[in-house]
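Student: sequence first, predicted coordinates after that:
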Amino acid sequence: MTDITLAPNGFAALGLAPELLAAVADLGFTQPTPVQQQAIGLAMQQPEGEGAAAFNDLMVSSQTGSGKTAAFLLPVLHTLVAQLAQKAQQAQQDAKGKRRNPMSPRHFKAAEPGALILCPTRELAQQVAHDAIDLVKHCRGLRIANVVGGMPYQMQIAKLQNANLVVATPGRLLDLQRSGQIKLEGVQFLVVDEADRMLDLGFADDLAEVHKLTAARHQTMMFSATIAPRIQQLAMRVMRNPRRVEIDSPQEKHANITQKLFWADSHDHKRKLLDHWLRDASIGQAIVFASTKIECDGLAEDLQQAGFAAVSLHGDLSQGLRNRRLMALRNGQIQFLVATDVAARGIDVPAITHVFNYGLPMKSEDYTHRIGRTGRAGRDGLAVTFAEFRDRRKIGDIEFFTKQRLNAEVVPGLEPRQRPVAPRREGFGGGGKPGRGFGPGHGARPERSGFAKPRFGAKR
Ligand code: AMP
């Protein structure tokens, strides 16, 4: 064990290993976030009648930005640290009286991690691995490896050797398992991060396979932004009596993120609004979201030509290029990242002050993930959405999903010429009364927010 002097820290009461408390203090975390407070305690508890090594299974609903990564990493690392210390002690005893043969050959051994974290995207997996490396800074001999598609196999295999905790995307992980580079039988802890996204991206079969390959595990934790019925069904298949943690944190409503909406008459008008906003002096760094990869590339190029330090990020770029661009964002070399939903998922850069929704998300829940890229680590953020009038149904869906009204504002000199359209639905709980409408040419002033809203359950 390392000799570490501890500052008083709210994490100490959770009973975590001193090495982890030191790392948490280094990161400047003084108090556990609500999801950490609840999940860490439960995850370290052992249920009765489940065998000496079993820990509670957990189903946690929490948003990115809530501190969920440390909520699942810390309890897992805590047990791995204790096991390593025990092993080291045992090895010391065994070594007494015996002499090591310095000539004994080193054989290739497949990696046999004790913990496996599954993430839906490469970026998220890299972010989680990065967080794990920060947390094991004081843990001697505890190794973290990252397994994601798009990276050279050989380098990944070399780094896998002796890894205790592996953070992976499912496809590449199963490739390496099938080719005998990694064995999953020894996995004691399985974490599925962003389970909802995992299912969206078609990983259900891969999850089932990992579930079978790690059948002897002692704990399963699933984290998801929403616990929709399909997530509950998955939870029932892969967990035993999971404890549920549902956090109604201010972050969930993104209380620290101001959300604004600007209506545009046309695509050109939308572009003008974006140009106006990108010159806002309060922007540190920003993500501009596009709907498609083509839009993403085109817009990044336009912005570069207009003199902005902007680059694109989407799934068609090589992993190496994506990493370099993310690094440039982290280092502050670029100010604007033009990205698609999948590529930007999980990006955690505290200097991001603004998120711009230039192309609207395909699904309402992606809106929540997008705006969560700003307002990180307790800071404030601003999320600005541009929508053409033909997108009003999508805006209604987003408001219904987030249960929050988007305030429509205008940029002086760039006001839309069109007017709101009726009917609009009152409230978000369903069953609202349609209000009086305003048609084009009625001379009514634009309302502060909202246009025609879809009825609950209406066909989209
Ligand atoms: P996550 O939800 O895991 O993506 O974490 C969001 C951000 O919060 C990351 O930048 C973390 O480094 C930061 N964070 C996590 N836990 C804490 C904490 N207890 N105190 C302060 N910041 C934290």
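Tutor: Received, thanks.

Student: residues near the closest residue to Lys68 other than its chain neighbours, how many?
Tutor: Of all residues not flanking Lys68 in the chain, Ser62 sits nearest, at 4.6 Å (Cβ to Cβ, 6 or more residues apart in numbering). (Each C-beta comes from the backbone N, C-alpha and C, glycine too.) By other Cβ atoms under 10 Å, 25 other residues sit near Ser62.

Student: for the helix or strand of the chain with the lowest mean pLDDT, packing partners?
Tutor: Within the chain, no helix or strand scores below helix 341-344, which has a mean of 85 by mean pLDDT, DSSP states H and E. Judged by 3 or more Cβ pairs under 8 Å, 6 or more residues apart in numbering; DSSP states H and E, the packing partners of helix 341-344 are strand 285-289, helix 364-371.

Student: so what touches the shortest one?
Tutor: Same thing as strand 285-289. 274, 278, 299, 303, 310, 329, 332, 334-341, 344, 347, 349, 351-359, 361, 370, 373-374 (Cβ atoms under 8 Å, 6 or more residues apart in numbering).

Student: check the last one too.
Tutor: The set of residues that contact helix 364-371 without belonging to it, under Cβ under 8 Å, 6+ apart, is 63-64, 196, 225-226, 254, 257, 259, 287, 289, 341, 344-345, 355, 357, 360-361, 381, 383, 385, 394, 397-398, 400-402.

Student: what angle separates the helix or strand just after that helix from strand 285-289?
Tutor: Per DSSP states H and E, the first helix or strand lying C-terminal to helix 364-371 is strand 381-388. Relative orientation of strand 381-388 versus strand 285-289 (axes from the mean of the first three to the mean of the last three Cα atoms, to 10 degrees): 30 degrees.

Student: between helix 364-371 and whichever helix or strand comes after strand 381-388, find me the angle.
Tutor: From strand 381-388 onward toward the C-terminus, using DSSP H and E, the following helix or strand is helix 392-402. With the same axes, to 10 degrees defining the directions, helix 392-402 sits at 80 degrees from helix 364-371.

Student: next, the buried residues of helix 392-402.
Tutor: Buried residues in helix 392-402, defined by neighbour count with 16 or more other Cβ atoms under 10 Å: Arg392, Lys394, Ile395, Gly396, Asp397, Ile398, Glu399, Phe400, Phe401, Thr402.

Student: out of these, the closest to the ligand would be?
Tutor: Closest approach to the ligand among the buried residues of helix 392-402 (Cβ to the nearest ligand atom): Thr402, at 17.8 Å.

Student: pLDDT value on the closest one, please?
Tutor: Note for Thr402: predicted pLDDT of 82.

Student: point me to the residue of the stretch 351-460 of the chain nearest the ligand.
Tutor: Closest point on the stretch 351-460 of the chain to the ligand, by Cβ to the nearest ligand atom, is Ala377, at 4.1 Å.

Student: residues in the stretch 351-460 of the chain within reach of the ligand, list them.
Tutor: Neighbours of the ligand within the stretch 351-460 of the chain, by Cβ under 6 Å from any ligand atom: Arg376, Ala377.

Student: go on, the stretch 1-150 of the chain?
Tutor: Phe29, Gln31, Pro32, Thr33, Gln36, Thr64, Gly65, Ser66, Gly67, Lys68, Thr69, Ala70.

Student: let's see that with 5 Å instead.
Tutor: Phe29, Thr33, Thr64, Gly65, Ser66, Gly67, Lys68, Thr69, Ala70 (Cβ under 5 Å from any ligand atom).

Student: tally of neighbours for the third one?
Tutor: Spelled out, it's Thr64. So Thr64, with other Cβ under 10 Å, has 23 neighbours.

Student: so what's it closest to, chain neighbours aside?
Tutor: The shortest distance from Thr64 to any non-neighbouring residue, by Cβ to Cβ, 6+ apart, is to Gly372 (4.9 Å).

Student: and for the second one?
Tutor: The shortest distance from Thr33 to any residue other than its chain neighbours is 3.4 Å, reached at Gly67 (Cβ to Cβ, 6+ apart).

Student: looking at the stretch 101-250 of the chain, what residue ends up closest to the ligand?
Tutor: For the stretch 101-250 of the chain, Cβ to the nearest ligand atom, closest residue to the ligand: Asp131, 6.7 Å.

Student: tell me the buried residues in the helix or strand that residue falls within?
Tutor: Using DSSP H and E, Asp131 sits in helix 122-135. Of all the residues in helix 122-135, those buried under the rule 16+ other Cβ under 10 Å are Arg122, Glu123, Leu124, Ala125, Gln126, Gln127, Val128, Ala129, Asp131, Ala132, Ile133, Leu135.

Student: export these to TSV and tack on pLDDT?
Tutor: Shown next, in TSV, are these (pLDDT from 0 to 100):
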residue	pLDDT
Arg122	90
Glu123	89
Leu124	92
Ala125	95
Gln126	93
Gln127	93
Val128	96
Ala129	97
Asp131	97
Ala132	98
Ile133	98
Leu135	98
